[in-house]
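Visitor: Output the structure for:
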Amino acid sequence: MFSYPQSRYVSLGPADPPKPYGPVPTAAQVAWQRMEMNMFCHFGPNTFTGLEWGEGTEAEDIFNPTALDCNQWVAVAKQAGFGGIILTAKHHDGFCLWPNPMSTHTVRESAWRNGQGDVLRELSDACRKGGVKFGIYISPWDRNAHTYGTPEYNKVFLKTLRHAHTHYGPIFEQWFDGANGEGPNGKKQVYDWKKFNGQTKKLQPNAVIFSDVGPGCRWVGNEEGKCGRTCWSRLDIEGFGPGADAPSQDTLNAGNYNGACWIPAETDVSIRPGWFWRESEHPKSVQELLKIYYNSVGRNSLLLLNVPPDSRGLIPAEDSLRLMEFRAALDSIFAHDLAKKVEFIFASEERNISECNIRPTTYDPLWLVRGDYDNYWATDDGVTTAYIQLRFDEPQTFNRVMLQEYIPLGQRVEKFHVEVEDENGSWRTIAEETTIGYKRIVLTETVTTKKVRIVIDKSRACIVLNRVGLFMDSISEQ
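Guide: Now for the predicted structure:
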C-alpha cells in the first residue's frame, strides 16, 4: 500500500518524545474524550407532568412508570454508539430516583413498585451488564428540601452525593449544573463546590466532574448542539464558578487560549425540543443530528445527546429508530477512510531524522493513517510549521477531512489549512481552520484528487498528530 522515495531520511535512533505542552488531561479525561458520544436521560416527575422544571411540590405517586426497562435503554445506547448513559437522578424538583435516605421525596415514598423501586440500581446494573458506562446528574438546587437556603443543606447534599457514590458502583461522570433558584423557604443556597467536588473525587476518583467550570469537563455555553469553531480544551477558572459565576458563554464555547486548566467542552443537547419526554414532541431529523455531530465531536467536544424515556419508562420507538438511522449514517460516512488507500505519505518535517537512506522512524507520518491512538507523527522541538502530503494511485473523492492531535501531550495547533492538487497540477486551498484538539472534522466542498496536503500553519509547540482521515458524506445537506 505504501512506498518511499529513493532518497529520504534515516532515523538517528530513539528520540526523546515531545514534552507535554501546557495543561494536559488526566487518564480519565482522555478516556472520557475518546467516548465521543454519550446518552443523557432526563426522567422523573416532569415526565408525567410535562414540565421542564418541576415545582418540588408534586406528589410522589405521580412518578409511576408502567414498564420501566433500563436494559432497553442500554441496548438502544449501545446500538447507537454511545459509550455511557447519564441519568437525572435528582432534578431541580428534588425528587430522587433512588431511595435517598436524606430525603422524603423519593421513589421510596411513591406507589411505584410499592415503594421498593430504585431506578439507579436498575440502570447501574443494566449498564454493567451491557458494557455501557454509568453516570449521574444530581442537581444541587432542591425545590423540595426544607433545609435548602441554609448552611445545613450543604451537609445534606454531601450525604446525598455520598449515598449515590457508594451504592451503585463506578461512575464515569458526575453531572452538576449551577442552577440556584429559591427553595421552599424562598431562599437561595450558597453552594460549597469545593466540598462537593472534593468528596466526589475521593469517592469516585475516575469520575469526570461536569459543571460550567469543570473541573473535569465544561458546559459548551449553549444547548443548541454547537461547539466553537475555535475550541481550546483549556480554561481559566480562577474567580469563576458554576451558574451565575460562570465565564461568558463565548468563553465556554471557545475555551481560553492560555487557560491554566485542562477542562474540555461537553456539548449537551436534546434529541427532542424539550429535555423531558412529551407526547406532543418528536425527535430531530438525521440531518439535524449529523449537523450536531459535526459541530460537537467534529470541533473538539464530546456530544451528550439527551434521549428522554417516556411515561412507560422506555425509550420511545421513534427516538430509537432515529438513533439507529443516525448510527447508520455515521457508519456510512466514517466506516471507509479513504486516507488508508494512500500510496505514499510525506512529511515536510519529522522528529529526529536526517537526510540519508530511508527507513521508518518512531514518529513516522505513516502512523497518521494506521489508527493506533498512542503512536503519532511529531516534529522536532521548535518546529511549529509543517505539512503532510498524501498521494494516491487513483483519484479519491471526499468532502470531510479528519485530524486528531495526541492530547495526552496537550493541545497545540492554532491554525491549519487543507490543499488539493487539481488536474492542472496546481495546489488549491479547500479549507482554513483554527484548532484541532482531540478531533477536528473539516467540512469541505466535494473534491476529487490524487494529492492532498495538510498544512499546519501555526502550532504553539512542536506538532503532534496521530490521525488524518478522508471521508465522503453523501447524506448531510451540503
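Visitor: Count residues in the vicinity of E343, would you?
Guide: By other CB atoms under 10 Å, 13 other residues sit near E343. All C-beta spots, glycine's among them, are computed from the backbone N, C-alpha and C.
Visitor: Quick check: closest non-adjacent residue to it.
Guide: D393 (4.7 Å; CB to CB, 6 or more residues apart in numbering).
Visitor: Neighbouring strands - and their directions - for the host helix or strand of that neighbour?
Guide: Per DSSP states H and E, D393 falls inside strand 386-405. Sheet pairing for strand 386-405, assigned by DSSP bridges, gives strand 344-347 (antiparallel), strand 440-459 (antiparallel), strand 464-471 (antiparallel).
Visitor: residues of the longest one that come out buried?
Guide: Translated: strand 440-459. Under the neighbour-count criterion of 16 or more other CB atoms under 10 Å, strand 440-459 has 440-444, 447, 449, 451-457, 459 buried.
Visitor: what's the distance between W262 and P20?
Guide: 10 Å (CB to CB, to the nearest Å).
Visitor: The two: who's more crowded?
Guide: More neighbours surround W262 than the other of W262 and P20, with 24 against 12 (other CB under 10 Å).
Visitor: what's near enough to touch the residue lying closest to that one once chain neighbours are set aside?
Guide: Distance criterion CB to CB, 6+ apart; nearest residue to W262, sequence neighbours excluded, is P23 at 4.1 Å. P23 makes contact with R234, G259, A260, C261, W262, G410, according to CB atoms under 8 Å, 6 or more residues apart in numbering.
Visitor: For the third one, the count of nearby residues, please.
Guide: Here the number of neighbours of A260 (other CB under 10 Å) works out to 13.
Visitor: Give the closest residue to E279 in space, chain neighbours not counted.
Guide: Using CB to CB, 6+ apart, the nearest residue to E279 is D310, at 7.7 Å.
Visitor: can you tell me the helix or strand for that neighbour?
Guide: Per DSSP H and E: nothing holds D310, as it lies in no helix or strand.
Visitor: Tell me if I'm right that it and P316 touch.
Guide: Yes: applying CB atoms under 8 Å, one finds D310 in contact with P316, separated by 5.0 Å.
Visitor: For the closest residue to R440 other than its chain neighbours, give me its contacts.
Guide: The shortest distance from R440 to any non-neighbouring residue, by CB to CB, 6+ apart, is to L403 (4.8 Å). L403 is in contact with F416, I436, K439, R440, V442, I454, L465, R467, V468, G469, counting by CB under 8 Å, 6+ apart.
Visitor: Check what pLDDT L403 gets.
Guide: On the pLDDT scale, L403 is placed at 98.
Visitor: Could you check how far it is from D245?
Guide: Distance from L403 to D245, by CB to CB: 35 Å.
Visitor: same thing with S459?
Guide: Taken as CB to CB, the span from S459 to D245 is 33 Å.
Visitor: next one: P205
Guide: Applying CB to CB to P205 and D245 gives a distance of 26 Å.
Visitor: Of those two, which one has the most company?
Guide: D245 (14 against 10).
Visitor: So what does that one have for phi and psi?
Guide: Note on D245: its backbone torsions stand at phi -90, psi 10 [degrees, to the nearest 10].
Visitor: so who does it touch?
Guide: Contacts of D245 by CB under 8 Å, 6+ apart are G178, D212.
Visitor: rewinding a little: from the contacts of P23, pick the one nearest R128.
Guide: For those, the minimum distance to R128 (CB to CB) is 28.7 Å, reached by W262.
Visitor: Let me know whether that closest one touches P25 as I believe.
Guide: Yes: using CB under 8 Å, W262 makes contact with P25 at a distance of 4.9 Å.
Visitor: And the helices in the stretch 151-300 of the chain, which stretches?
Guide: With DSSP state H, counting those that start in this stretch as the criterion, the stretch 151-300 of the chain has helices at 151-167, 193-203, 249-254, 286-296.
Visitor: Kindly report the same for the stretch 301-450 of the chain.
Guide: 317-334.
Visitor: and the nearest residue to V119 once chain neighbours are set aside, what is it in contact with?
Guide: Using CB to CB, 6+ apart and skipping the chain neighbours, the partner closest in space to V119 is L97 (3.9 Å). Each residue near L97 by CB under 8 Å, 6+ apart is listed here: F43, G44, L87, T88, A89, K90, T106, V107, D118, V119, L120.
Visitor: per-domain residue ranges of this protein.
Guide: 8-21+337-471, 36-334 (automatic domain parsing).
Visitor: Looking at those domains, which is nearest to E477?
Guide: Of all the domains of the chain, domain 36-334 comes closest under CB to CB, at 5.6 Å.
Visitor: so how far does that closest one reach from one end to the other?
Guide: Domain 36-334 has an end-to-end distance of 14 Å (CA to CA, to the nearest Å).
Visitor: now that domain: how far from the chain's centre is it?
Guide: 13 Å (CA atoms, centre = their mean, to the nearest Å).
Visitor: Ok, stretch 464-478 next?
Guide: 18 Å.
Visitor: what's G117 sitting at in phi/psi?
Guide: phi -80, psi 160.
Visitor: I'd guessed it sits against A111; true?
Guide: No: if you go by CB under 8 Å, G117 and A111 don't touch, sitting 9.6 Å apart.
Visitor: neighbour count winner among the two?
Guide: G117 (22 against 14).
Visitor: Now the residue nearest to the spatial centre of the chain: closest residue in space that isn't a chain neighbour?
Guide: Residue closest to the mean C-alpha point of the chain, counted by CA atoms, centre = their mean, is L302 at 1.3 Å. Nearest residue to L302, sequence neighbours excluded (CB to CB, 6+ apart): E266, at 4.9 Å.
Visitor: Next: E394.
Guide: K450 (7.2 Å).
Visitor: Could you measure from L289 over to R272?
Guide: Taking CB to CB, one finds L289 at 12 Å from R272.
Visitor: of those two, who's got more company?
Guide: L289 (24 against 21).
Visitor: OK, contacts around D331?
Guide: So D331 contacts nothing (CB under 8 Å, 6+ apart).
Visitor: Distance check, it against K133.
Guide: Taken as CB to CB, the span from D331 to K133 is 21 Å.
Visitor: Now for the residue lying closest to N185 once chain neighbours are set aside: which residues touch it?
Guide: Leaving aside its chain neighbours, N185 sits nearest to G149 (5.2 Å; criterion: CB to CB, 6+ apart). With contact set as CB under 8 Å, 6+ apart, G149 has these partners: E182, G183, N185, G186, K187, K188, Q189.
Visitor: Helix or strand: which one has G149?
Guide: Using DSSP H and E, no helix or strand contains G149.
Visitor: Restricting to C-alpha, output stretch 400-417 in CSV.
Guide: Extracted as CSV, the C-alpha positions of stretch 400-417 are listed here (Å, rounded to 0.1, in the frame of the first residue of the first chain):
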residue,chain,number,x,y,z
ARG,A,400,-14.7,15.5,5.1
VAL,A,401,-11.2,15.8,6.5
MET,A,402,-10.5,14.5,10.0
LEU,A,403,-7.5,15.5,12.1
GLN,A,404,-6.5,14.5,15.6
GLU,A,405,-3.9,15.7,18.0
TYR,A,406,-2.4,13.4,20.6
ILE,A,407,-4.0,15.2,23.5
PRO,A,408,-2.1,13.4,26.3
LEU,A,409,0.7,15.8,25.4
GLY,A,410,-1.6,18.8,25.3
GLN,A,411,-3.3,20.9,22.6
ARG,A,412,-1.0,22.8,20.3
VAL,A,413,-2.3,23.6,16.8
GLU,A,414,-3.9,27.0,16.4
LYS,A,415,-4.1,27.3,12.6
PHE,A,416,-4.1,25.0,9.6
HIS,A,417,-5.4,24.6,6.1
